[in-house]
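> let's see this in three dimensions:
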Amino acid sequence: MEYIGYFASIIIGISLGLIGGGGSILTIPILVYLFKVNPDQATSYSLFIVGLTALSGSYSHYKMGNLKLKSALYFAIPSVISILIIREVIFQKIAATLFSVASYTVSKDFLIMTVFSLLMITAAISMIRKEQPQIKSTETNYLQLAFIGFIVGIITGFLGAGGGFLIIPALLFFAKLPMKQAVGTSLLIITINSSIGFAGDLYIGTPINYPFLFSITAMALLGMLIGSQLSKRIDGTKLKPLFGWFVLAMGLYIITKEVLF
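Residues are numbered from 1 along each chain as shown. Got it, this is the predicted structure:
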């Protein structure tokens, strides 16, 4: 299973490089089901893997002129605030066992994976939909951009997910960026959010298996290099629906496994 996990880790980077998101949607299931990492710890690992991989991708997009720093900061600063609130205050106070009904126990790990599967299904639907955003104005709405950033930070903080599938539409609608610039700027935002979230976890003493973490990250970085090169030749938006169906299948599998088994 580990060999499959390492191969799947490459897909994390390819996804981020091609469509600017989707990497963290794969990271948590790979860590939990293929490498048997505890879901709580997997959220920390995901922040590091996705953050460093996104950093590599954002640098590639910087060289291509696809980064819009002002939009990234308006989005990222509120995100960072909500990430720190969730991970360093709220997340730590959630009990390992939430409640029990007869012989059925609802744990923190169950909550993480169930909510994550619902996030995957939501993300998949947004990827499968073929409608293109209709942008009627060219003026950036920074207030709405900041509000969406705060919401994405909550998701990133709780699930260790970068939130690229939410960030890109926000940049298209509210920052009025072209798709290529939305992808590049999304990677920069994911880098900032994930880095701050992981740094916070280190501060509170989250245990980290660094050799394992670095090996997975190396595979994801390899995938990012492949994805960045492919993005020069392939339109990532055309691959989104196909990737969306894959994510949908995984989301349905996770929620079925967690609830029924």
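> contacts and neighbour counts: CA atoms only from here.
OK.
> Phe35 and Glu2 touch, don't they?
Yes. With contacts counted by C-alpha atoms under 8 Å, Phe35 reaches Glu2, the gap being 6.2 Å.
> who has more neighbours, these two?
Each of Phe35 and Glu2 has its neighbours counted (other C-alpha atoms under 10 Å); Phe35 has more, 17 against 13.
> relative to Phe7, how far out is that one?
Going from Phe35 to Phe7 by C-alpha to C-alpha, to the nearest Å gives 12 Å.
> same deal with Ile234?
Counting by C-alpha to C-alpha, the gap from Ile234 to Phe7 is 21 Å.
> between the two, who's got more neighbours?
Legend: neighbour count by other C-alpha under 10 Å for Ile234 and Phe7, higher for Phe7 (16 against 13).
> and the helix or strand hosting Gly57, which residues are buried?
In this assignment (DSSP states H and E), Gly57 forms part of helix 39-63. Residues 39-62 are the ones in helix 39-63 that count as buried (16 or more other C-alpha atoms under 10 Å).
> next, give phi and psi for Phe174.
Dihedral pair for Phe174: phi -100, psi -30, per degrees, to the nearest 10.
> skip the chain neighbours and tell me the closest residue to it.
Nearest non-adjacent residue to Phe174, counting by C-alpha to C-alpha, 6 or more residues apart in numbering: Asn141, 5.1 Å away.
> that neighbour: neighbouring residues, count only.
The burial count for Asn141: 16, using other C-alpha under 10 Å.
> my read: it touches Leu171, true?
No. If you go by C-alpha under 8 Å, Asn141 and Leu171 don't touch, sitting 9.8 Å apart.
> Ser126 is in what secondary structure piece?
Judged by DSSP H and E, Ser126 forms part of helix 108-128.
> next, the angle from that helix to helix 39-63.
Helix 108-128 runs at 30 degrees relative to helix 39-63, counting by axes from the mean of the first three to the mean of the last three C-alpha atoms, to 10 degrees.
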